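Asker: below are the sequence and a predicted model; questions follow.
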6 protein chains.
Amino acid sequence: MSTALERGRALTRKLNPDLETVLSERYDDLLPDFAESLIEWAYGRHYARPGLDLKTRQLCTIAALTVLGGQTGPQLKVNIEHTLAAGAGREEIIEAIWQMAVYGGLPAAINGLNAAREVFSALDMAA
Amino acid sequence: MSTALERGRALTRKLNPDLETVLSERYDDLLPDFAESLIEWAYGRHYARPGLDLKTRQLCTIAALTVLGGQTGPQLKVNIEHTLAAGAGREEIIEAIWQMAVYGGLPAAINGLNAAREVFSALDMAA
Amino acid sequence: MSTALERGRALTRKLNPDLETVLSERYDDLLPDFAESLIEWAYGRHYARPGLDLKTRQLCTIAALTVLGGQTGPQLKVNIEHTLAAGAGREEIIEAIWQMAVYGGLPAAINGLNAAREVFSALDMAA
Amino acid sequence: MSTALERGRALTRKLNPDLETVLSERYDDLLPDFAESLIEWAYGRHYARPGLDLKTRQLCTIAALTVLGGQTGPQLKVNIEHTLAAGAGREEIIEAIWQMAVYGGLPAAINGLNAAREVFSALDMAA
Amino acid sequence: MSTALERGRALTRKLNPDLETVLSERYDDLLPDFAESLIEWAYGRHYARPGLDLKTRQLCTIAALTVLGGQTGPQLKVNIEHTLAAGAGREEIIEAIWQMAVYGGLPAAINGLNAAREVFSALDMAA
Amino acid sequence: MSTALERGRALTRKLNPDLETVLSERYDDLLPDFAESLIEWAYGRHYARPGLDLKTRQLCTIAALTVLGGQTGPQLKVNIEHTLAAGAGREEIIEAIWQMAVYGGLPAAINGLNAAREVFSALDMAA
């Protein structure tokens, strides 16, 4: 097992303990190493790096997924949950999304706000 | 003068004191209220908001401009300077850019790294 | 209240009288000044400007939202309604969308046509 | 009838015999020459060209629609069917999609995998 | 020769008489029917259609190329010239570009303004 | 060293023997594991996979980089060279690019053709 994969697994155990299992169940029939490969690359090779704290990394992800909006709706929702798990407050998430109106246009920002509201509502219902 | 414009001007005076003048000289012949309108919207209505600190806002902008890369090269460079002015270190900026390989693909991240290198080199030369 | 906000409110009263209330009810709990800020920027600082008539402005918006399609479906539908309110005919809207096949590719244009059909059908049903 | 239109019709008769009729029924009320124009351009002027075999052309389309993901979901599904009809296997399609994680980012690739799974499941159910 | 090709040629003779020759000289060694195919599709199948006047069609193109900005710089400049040839004034072009800040973000709009300035300056120098 | 990294290195030794050294010299001062990480992910985890031949993988990459055009110019050129090294002919590359006019619009396809011409000219000059 590569060091990057180990680092990625250690991080996702904290952020979202079920992530590798969920990905594995969903995609490993199509691509046998999908979950392992994603954890290694995204978490081991990026999120687990030193040099920028995890909470800020997650808020950067929120910003990027907002401006890319068209094809990142499901990933934006998952990452809003990860960003809360990394210690950000709801207001910080909303602010990171709304600021994107400047760079990605109003539709991108509004769709991001809608995604955040759905995540927050689901969390409130589950609480 | 609107409150948003006032807030925007107060913020850009700290971040980049020449910004409104530069924008005004460059675009106000085409659009007489361009500089004022940009300062009001981007800085007064977004960056100056409470709820998320300026340094994190700037790193979110770096992330977004990296994934949008194709049409945001010049703005990425200006915002790398603003992000340094907001207190981020070079390593934090590089990390925010490189993480975008996960969401915007490798070309976007590589072009972002090239933009950062150019800004850092120019600053080192000017130092 | 800024002049831009006043101009924006005057314009949306004609184009879509409920717009600010709808936006306010939907987003002001997340961002207290959302509706005001959007009306000021989009309508006061852009649509209300002289130099290009409102109908052409709206058709330009239709074209842009069509090529950006991925994340602008809901906004395209709202703007098709605004474009009709600004005096454009259905055929003009369809033509503006279909021409975008040249610049944004066939999928963008086809999705735009689907959005227009949905708006027109809803209007016919409501008639 | 132009040569390009003839060539396009000859090709779609093999790839998807109902295509022109379906497009015509769906869009010709909005744009009377829609189906003819699409067949002429996409199939007569592109897919029917010599110089690259049809199966590879279709896999290139899968790759492009995956990275453009946000607004190309329905077209990706239709083209996955066309790519199977052009002789590609399911594994080749999955590989072409997954490779796009490198260029379009993980969300684009994951959404492409989801689209492929839906097409394959529908085909298995219909079998 | 198809009717669409004829219509396209008739239109480009008015809008930009050298267009087919320039395209042919530049690309027909790579793709022998490139110029013919582009004139047929873009001008014969789109710009020459009834239902929307040419000047508005061109302004819609300006809007779309502005929001797509990253890969459409050269085409934006050519189309600014075509839009002037179709009877639009410079102010109308600037307004169509600047309005795109709302939908495509500030960087897209600013890069569009820069493209317009370059075209206008070149025309003034040539005058 | 991970198996994916080994596989990636074995593949790039054939496709572009200098690639890791070039990437390392260019980016490892900014990100010490940049070259290793890119080789592992892009080549070890994607291009080196079974299930789709290398030449088709490369043509899929050409297609994707063409439609993403705005921020992928430099990568498109490198990958045109890799596609030739994987056994594709120039005509196949041109066809894969031109077909993208259907999905990514004419500007994307034209910019892709320009990139291909530059690569071919440079190779002819060096020959």
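Answerer: Received the coordinates, thanks. Numbering: from 1, shown residues only, chains lettered A, B, ... in the order given.
Asker: work out for me the element the closest residue to A:Val119 other than its chain neighbours sits within.
Answerer: Distance criterion C-beta to C-beta, 6 or more residues apart in numbering or on different chains; nearest residue to A:Val119, sequence neighbours excluded, is A:Ile80 at 4.5 Å. To be clear about C-beta, it is placed using only N, CA and C from the backbone, and glycine gets the same treatment. In this structure, A:Ile80 sits in helix A:73-85 according to DSSP states H and E.
Asker: helices or strands next to that helix in the packing?
Answerer: Applying 3 or more C-beta pairs under 8 Å, 6 or more residues apart in numbering or on different chains; DSSP states H and E, one finds that helix A:73-85 contacts helix A:3-15, helix A:54-67, helix A:90-99, helix A:106-126, helix D:106-126.
Asker: mind putting these into JSON lines with distance to E:Ala116 and mean pLDDT?
Answerer: Converted to JSON lines, these look like this (distance: least, C-beta to C-beta, whole Å; pLDDT from 0 to 100):
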{"stretch": "helix A:3-15", "distance to E:Ala116": "46", "mean pLDDT": "94"}
{"stretch": "helix A:54-67", "distance to E:Ala116": "24", "mean pLDDT": "96"}
{"stretch": "helix A:90-99", "distance to E:Ala116": "27", "mean pLDDT": "96"}
{"stretch": "helix A:106-126", "distance to E:Ala116": "22", "mean pLDDT": "94"}
{"stretch": "helix D:106-126", "distance to E:Ala116": "32", "mean pLDDT": "94"}
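Asker: would you list these in TSV and tack on mean neighbour count?
Answerer: Shown next, in TSV, are those (neighbours: other C-beta atoms under 10 Å in any protein chain shown):
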stretch	mean neighbour count
helix A:3-15	17
helix A:54-67	27
helix A:90-99	24
helix A:106-126	18
helix D:106-126	18
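Asker: dump those to a markdown table, plus distance to F:Asn111.
Answerer: As requested, these are arranged in a markdown table below (distance: least, C-beta to C-beta, whole Å):
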| stretch | distance to F:Asn111 |
| --- | --- |
| helix A:3-15 | 35 |
| helix A:54-67 | 22 |
| helix A:90-99 | 31 |
| helix A:106-126 | 24 |
| helix D:106-126 | 20 |
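Asker: I'd like to know which of the ones you listed lies nearest to A:Pro74.
Answerer: helix D:106-126 (7.5 Å; C-beta to C-beta).
Asker: so what's the residue count around the closest residue to chain C within chain A?
Answerer: Chain C sits closest to A:Gly70 of chain A, with a gap of 2.2 Å, by C-beta to the nearest C-beta. When neighbours are counted by other C-beta atoms under 10 Å in any protein chain shown, A:Gly70 registers 24.
Asker: tell me how far it lies from E:Pro107.
Answerer: 17 Å (C-beta to C-beta, to the nearest Å).
Asker: what residues are up against A:Trp41?
Answerer: Going by C-beta atoms under 8 Å, 6 or more residues apart in numbering or on different chains, A:Trp41 touches A:4, A:8, B:102, D:106, F:41, F:45.
Asker: now swap in A:Glu118 and tell me
Answerer: A:Lys77.
Asker: now A:Thr66, nearest residue through space, not along the chain?
Answerer: Using C-beta to C-beta, 6+ apart, the closest residue to A:Thr66 is A:Gly112 (3.8 Å).
Asker: residues in chain A within reach of chain D, list them.
Answerer: Counting by C-beta under 8 Å from any C-beta of the partner chain, chain A comes close to chain D at A:27, A:30-31, A:34, A:38, A:41-42, A:65, A:68-72, A:74-75.
Asker: one more time with 7 Å, if that's ok
Answerer: A:27, A:30-31, A:38, A:42, A:70-72, A:75 (C-beta under 7 Å from any C-beta of the partner chain).
Asker: does the residue of chain A closest to chain C touch D:Gly70 like I think?
Answerer: Yes. Here A:Gly70 lies in contact with D:Gly70, judged by C-beta atoms under 7 Å, at a distance of 2.1 Å.
Asker: could you list the buried residues of stretch A:18-36?
Answerer: Across stretch A:18-36, burial judged by 16 or more other C-beta atoms under 10 Å in any protein chain shown covers A:19-20, A:23-24, A:27, A:30-31, A:34-36.
Asker: tell me how far the residue most central in space within chain A lies from A:Leu23.
Answerer: Chain A has A:Asn79 as the residue nearest its centroid, 2.3 Å off, counting by C-alpha atoms, centre = their mean. Distance of A:Asn79 to A:Leu23, given as C-beta to C-beta: 14 Å.
Asker: hmm, back to that, which of the buried residues of stretch A:18-36 sit farthest apart?
Answerer: Across these (C-beta to C-beta), the longest gap, 17.4 Å, separates A:Leu19 and A:Leu30.
Asker: report the contact partners of the nearest residue to A:Ala101 once chain neighbours are set aside.
Answerer: Distance criterion C-beta to C-beta, 6+ apart; nearest residue to A:Ala101, sequence neighbours excluded, is A:Ala109 at 3.7 Å. Contacts for A:Ala109 (C-beta atoms under 7 Å, 6 or more residues apart in numbering or on different chains) come out as A:66, A:97-98, A:100-101.
Asker: now these as a markdown table including distance to D:Arg90?
Answerer: As requested, the contacts of A:Ala109 are arranged in a markdown table below (distance: C-beta to C-beta, whole Å):
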| residue | distance to D:Arg90 |
| --- | --- |
| A:Thr66 | 34 |
| A:Ile97 | 37 |
| A:Trp98 | 42 |
| A:Met100 | 37 |
| A:Ala101 | 41 |
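Asker: which single one of those residues is nearest to F:Pro50?
Answerer: Nearest member of those to F:Pro50, counting by C-beta to C-beta, is A:Thr66, at 36.7 Å.
Asker: give me every residue that touches that closest one.
Answerer: Taking C-beta under 7 Å, 6+ apart, one finds A:76, A:97, A:100, A:104, A:108-109, A:112 in contact with A:Thr66.
Asker: ok, the residues you listed vs B:Asp53, which is closest?
Answerer: Nearest to B:Asp53 among the contacts of A:Thr66, with distances taken as C-beta to C-beta, is A:Ile97, at 15.7 Å.
Asker: and the gap between A:Asn111 and chain B?
Answerer: Separation of A:Asn111 from chain B (C-beta to the nearest C-beta, to the nearest Å) stands at 14 Å.
Asker: can you get me a residue count around the spatially closest residue to that residue that is not a sequence neighbour?
Answerer: The shortest distance from A:Asn111 to any non-neighbouring residue, by C-beta to C-beta, 6+ apart, is to A:Gly69 (5.0 Å). Residues near A:Gly69, counting by other C-beta under 10 Å, number 25.
Asker: what's the answer for the one 3 residues further on, then?
Answerer: Counted with other C-beta under 10 Å, the burial measure for A:Thr72 works out to 33 neighbours.
Asker: circling back: among the buried residues of stretch A:18-36, name the ones in helices.
Answerer: The helices, defined by DSSP state H, take in A:19-20, A:23-24, A:27, A:34-36 from those.
Asker: which ones are touching A:Ile110?
Answerer: Counting by C-beta under 7 Å, 6+ apart, A:Ile110 has no contacts.
Asker: meant to ask about A:Gly51
Answerer: B:91-92, B:95.
Asker: just put the residues you listed in JSON lines and tack on distance to B:Asp53.
Answerer: Shown next, in JSON lines, are those (distance: C-beta to C-beta, whole Å):
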{"residue": "B:Glu91", "distance to B:Asp53": "18"}
{"residue": "B:Glu92", "distance to B:Asp53": "13"}
{"residue": "B:Glu95", "distance to B:Asp53": "17"}
